[in-house]
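Asker: I would like the atomic coordinates for the input below:
(chains A and B)
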Protein chains: 2
Amino acid sequence: MANPVVVEAMRGDRIESTHRGAGAVVDADGRVVMAFGDAEQAVYPRSAVKALQALPLVASGAADRLGLSNKEIALSCASHSGSEDHVATARAMLAKAGYDERALECGAHWPLGEDEARALARSGRTPTALHNNCSGKHAGFVCLSCAIGVDPKGYVGPDHPVQREVAASIEAMTGARLSEAMRGVDGCAIPTYAVPLVALARGFARLGTGHGLSPGRRKATARIRAAVAANPLTVAGRGRFDTEVMSLLGPRVFTKSGAEGVFCAALPETGLGLAVKADDGAGRAAQVMIAALIQRFGGFDTERSARLLGFVSPRLSNWNGAEVGLLRPAGPLA
Amino acid sequence: MANPVVVEAMRGDRIESTHRGAGAVVDADGRVVMAFGDAEQAVYPRSAVKALQALPLVASGAADRLGLSNKEIALSCASHSGSEDHVATARAMLAKAGYDERALECGAHWPLGEDEARALARSGRTPTALHNNCSGKHAGFVCLSCAIGVDPKGYVGPDHPVQREVAASIEAMTGARLSEAMRGVDGCAIPTYAVPLVALARGFARLGTGHGLSPGRRKATARIRAAVAANPLTVAGRGRFDTEVMSLLGPRVFTKSGAEGVFCAALPETGLGLAVKADDGAGRAAQVMIAALIQRFGGFDTERSARLLGFVSPRLSNWNGAEVGLLRPAGPLA
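Answerer: A predicted model of the protein is given here:
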């Protein structure tokens, strides 16, 4: 059966496009508070689980041994826009481990942020692996490798000790079993394992609360939450959803986008974790879906809730700045 | 009832995302050769009908009176990438009408093409309305205005004589009635009218063959087809679908992308017109849909058909250039 329509793109009074999807709201014990569509479906979480992938770096003590700052820890959870500051932070992380950008195996691409890409072009330079939106995560992998005493070379491979640690972290947090049959290759060359949405949501409930985790992992989740909350510009970039929503709500929410329409979030105050997937992979739909759930389940006061409206139902403008339409939640999210 | 899944995005062996949609293959007499999903649904065709919007410029004799070249006519049908050449061509069109870029009412945006945007940034300049991907269409509107002796000011308004001519052209070509109730505002500020997919496909069958049209319009469609076929780089840009497919197939196909997952095409040799809409508005899905239909209904030899495969089922690579997945037609398009 088709998942329900969860987001409508309006132009004038007409529905121009529709997005279907599924999602789950779950607590740290795995109780499903809300689910829509096929919430048991296993989806590649892509970058939405970067914080779970960064957890071993902190929980192992590697981050402390190398003296990583909160900002550097935030970058290890980031899909960053490729600003000068993002690049410098990734470079500094690698230096603390005794490496430089040649250790990165993520590949190079022009900065994700359009302004940042144009700034780089304006400077006459071309992108390196440090500009890759995943360079912080990869620098974190190099740091973890170094701290546990293994050669980082090949750290993107599923059998490298770093990826084994990362997979174990995702399993512990989500409760899902990761198998080779569920494995694909992410855009930045590391493995991505398909995980049911309800399990992803549970993983984020645990990330947000630390409930049900070992003391080491619990402490690490608190450090990561604090690091990200203090550095919202680091985890994404100016004008981006994660940065703007976390700037607005502070430690009350942790959000993370993933490619192909995945979004996860933690609501520490209400103890809930959220995970959504737009069937068609559209980021704009995933943003509206997760914003609608954050607004509904965050327990925010009227003012904060009202300020979320621009994310729940963003306006669409033409090139002259006139409003021509909007996105809005539909069906189970209306 | 939900439209069928027509495109699957694969990562490894798993379906990562799916796109639903509808479409129609119709001849110039309106006979439906193939339809899938709700092909009677009215969709905003957006930029997919630029050739129909440019038809009055040619059919009225305005293009000849102003001495517009084939390249300039091609630009009037374009969603261009904003290269130096595109900008210069738009400027030249305006100059022939005695105007400059201040007459354009489309608004400015950074070039649609990433390479072109970075080239502009590298030059230290910022975009003008000439860089708007619709600047050729708008320059054509200014030319038409001038040639029919009316002030171009306000030419984007639905009641301006230019937009009345444009609406009459779409009605004549598609057979659909355009009404205020079906009207939205396009990204470049002109009206866009929702038209059933079957009617859009019929309009493109007529554009491709001239069948059923007045002598003036028939001649104008031939001129536009020739202009576009001779200038595939003008109608889109390097690496873009329309440019690449028309470079590959020459006058055997006319394709035009529209925003929000619309795509139209004409197959002059087999006399068919095609129109598709991805429910979710995804351009990547619309490309696969129209490529699959072009391959099936174009009557091409084995070699040309094989060369279309890269558009029917494009490979997805990671940042290291390794293949990690692909898009493929599904359901009625498989």
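
Asker: OK, contacts around A:Pro332?
Answerer: Residues near A:Pro332 by Cβ atoms under 8 Å, 6 or more residues apart in numbering or on different chains: A:4, A:6, A:36-37. Heads up, the C-betas are built off the backbone N, CA and C, glycines and all.

Asker: Would you agree it falls within a helix?
Answerer: Yes: under DSSP: H, G, I helix; E, B strand; the rest coil, A:Pro332 sits within a helix.

Asker: All the strands of the stretch 201-334 of chain A, in order from the start?
Answerer: Taking DSSP state E, counting those that start in this stretch as the test, the strands found in the stretch 201-334 of chain A are A:254-258, A:262-267, A:272-278, A:315-317, A:323-329.

Asker: Just give the closest residue to A:Val162, not the sequence neighbours.
Answerer: Computed as Cβ to Cβ, 6 or more residues apart in numbering or on different chains, the closest residue to A:Val162 that is not its neighbour in sequence is A:Tyr155, at 4.5 Å.

Asker: Any idea how many residues pack against that neighbour?
Answerer: As a burial measure, A:Tyr155 scores 22 neighbours (other Cβ atoms under 10 Å in any protein chain shown).

Asker: Could you tell me the phi and psi values at it?
Answerer: As for A:Tyr155, its main-chain torsions (degrees, to the nearest 10) stand at phi -60, psi -10.

Asker: List the contacts of it.
Answerer: For A:Tyr155, counting by Cβ under 8 Å, 6+ apart, the contacting residues are A:105, A:138, A:141-142, A:145, A:162-163.

Asker: Scan those residues and report the most crowded one.
Answerer: Ranked by the number of neighbours (other Cβ under 10 Å), the contacts of A:Tyr155 place A:Phe141 first, at 30 neighbours.

Asker: Now the element after the helix or strand where that residue lies, going C-ward?
Answerer: A:Phe141 is part of helix A:135-147, with elements assigned from DSSP states H and E. Note on helix A:135-147: by DSSP H and E, the next helix or strand toward the C-terminus is helix A:161-174.

Asker: so that next one versus helix A:135-147, what angle?
Answerer: 110 degrees (axes from the mean of the first three to the mean of the last three Cα atoms, to 10 degrees).

Asker: now helix A:161-174: how far from the chain's centre is it?
Answerer: Centroid displacement of helix A:161-174 relative to its chain, using Cα atoms, centre = their mean, to the nearest Å, is 16 Å.

Asker: close to chain B, is whatever helix or strand comes next after that helix?
Answerer: Counting by DSSP H and E, the next helix or strand C-terminal to helix A:161-174 is strand A:183-185. Yes: interface with chain B: strand A:183-185 contributes A:183-185 (Cβ under 8 Å from any Cβ of the partner chain).

Asker: okay, these in TSV with pLDDT and neighbour count next?
Answerer: Listed next are the residues of strand A:183-185 next to chain B as TSV, based on pLDDT from 0 to 100; neighbours: other Cβ atoms under 10 Å in any protein chain shown:
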residue	pLDDT	neighbour count
A:Arg183	96	19
A:Gly184	96	18
A:Val185	96	21
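
Asker: Just put those residues in CSV and tack on distance to A:Val235.
Answerer: Formatted as CSV, the residues of strand A:183-185 next to chain B follow (distance: Cβ to Cβ, whole Å):
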residue, distance to A:Val235
A:Arg183, 26
A:Gly184, 24
A:Val185, 23
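
Asker: Would you map the helices across the stretch 1-150 of chain A?
Answerer: Counting by DSSP state H, counting those that start in this stretch, one finds helices in the stretch 1-150 of chain A at the ranges A:50-59, A:62-65, A:70-76, A:84-96, A:114-122, A:135-147.

Asker: In the contacts of A:Pro332, which residue is surrounded by the most others?
Answerer: Comparing those by number of neighbours (other Cβ under 10 Å), A:Val6 comes first, having 27 neighbours.

Asker: Which residue comes closest to it once chain neighbours are left out?
Answerer: Spatial nearest neighbour of A:Val6, excluding adjacent residues (Cβ to Cβ, 6+ apart): A:Gly21 at 4.6 Å.

Asker: does any part of stretch A:94-113 sit near chain B?
Answerer: Yes: judged by Cβ under 8 Å from any Cβ, stretch A:94-113 comes into contact with chain B at A:105-110.

Asker: what's the burial count for the residue in the stretch 51-200 of chain A that chain B sits nearest to?
Answerer: Relative to chain B, the nearest point of the stretch 51-200 of chain A is A:Gly107 (2.9 Å; Cβ to the nearest Cβ). Using other Cβ under 10 Å, A:Gly107 has 21 neighbouring residues.

Asker: Need the per-residue pLDDT for it.
Answerer: Listed pLDDT for A:Gly107 reads 97.

Asker: got it, and A:Ser69?
Answerer: On pLDDT, A:Ser69 comes in at 98.

Asker: I'd like to know which of the strands of the stretch 201-334 of chain A is closest to chain B.
Answerer: So among the strands of the stretch 201-334 of chain A, strand A:323-329 is nearest, using Cβ to the nearest Cβ, at 4.4 Å.

Asker: what packs against the closest one?
Answerer: strand A:5-11, helix A:283-297, strand A:315-317, strand B:183-185 (3 or more Cβ pairs under 8 Å, 6 or more residues apart in numbering or on different chains; DSSP states H and E).

Asker: for the record, mean pLDDT for the longest one?
Answerer: Pointing back at helix A:283-297 there. 98.

Asker: what separates it from the chain centre, distance-wise?
Answerer: 14 Å.

Asker: That one close to chain B?
Answerer: Yes: contact of helix A:283-297 with chain B (Cβ under 8 Å from any Cβ) involves A:Ala285.

Asker: Could you check the angle that helix makes with strand A:272-278?
Answerer: Going by the same axes, to 10 degrees, helix A:283-297 is angled at 150 degrees with respect to strand A:272-278.

Asker: quick one: which of the helices of the stretch 1-150 of chain A is nearest B:Ser47?
Answerer: helix A:114-122 (20.5 Å; Cβ to Cβ).

Asker: chain center to the helix holding A:Phe141, what's the gap?
Answerer: For helix A:135-147, the separation from the chain centroid amounts to 17 Å (computed by Cα atoms, centre = their mean).
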